[in-house]
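Engineer: Sequence first, then the predicted structure:
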Amino acid sequence: MDFPQNFRGHVALVTGGMRGIGRSIAEHLAACGADVHVFDRATGDTTDAPFTSQAVDIADAEGVAGALAALP
């Protein structure tokens, strides 16, 4: 599968992006220029992460709505 490698000007939301495959996806999208936001129940050190993260349980509709409203 071929994916575009230039995501400048695009916003990406990755759920479960603090570790594993989700983190790899978030880092790749950021490396390709996307403005990446991660929602995950887990929290962790994002000091060097190329994305912003929020502790969000995506099973909680109100929590998701609040987190989306807080995005820049």
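Structural biologist: Looks like it arrived, so ask away. Residues are numbered from 1 along each chain as shown.
Engineer: Show me the residue sitting in the middle of this protein in space.
Structural biologist: Centroid-nearest residue in the chain, with C-alpha atoms, centre = their mean: V38, separated by 2.4 Å.
Engineer: and the spatially closest residue to that residue that is not a sequence neighbour, how many neighbours?
Structural biologist: Nearest non-adjacent residue to V38, counting by C-beta to C-beta, 6 or more residues apart in numbering: G17, 3.5 Å away. Where C-beta positions appear, they are placed from N, C-alpha and C, glycine not excepted. G17 has 25 neighbouring residues, counting by other C-beta atoms under 10 Å.
Engineer: my read is H37 is in a helix, agree?
Structural biologist: No - applying DSSP: H, G, I helix; E, B strand; the rest coil, one finds H37 to be strand, outside a helix.
Engineer: Do I have it right that it meets A49?
Structural biologist: No - H37 is beyond contact range of A49, at 11.1 Å (criterion: C-beta atoms under 8 Å).
Engineer: Tell me which stretches of this structure form helices.
Structural biologist: 20-31, 61-70 (DSSP state H).
Engineer: for those helices, which one ends up most surrounded?
Structural biologist: Highest mean neighbour count among the helices of the chain (mean count of other C-beta atoms under 10 Å): helix 20-31, with a mean of 16.
Engineer: And that helix, what does it pack against?
Structural biologist: In terms of contacts (3 or more C-beta pairs under 8 Å, 6 or more residues apart in numbering; DSSP states H and E), helix 20-31 is packed against strand 11-15, strand 35-40.
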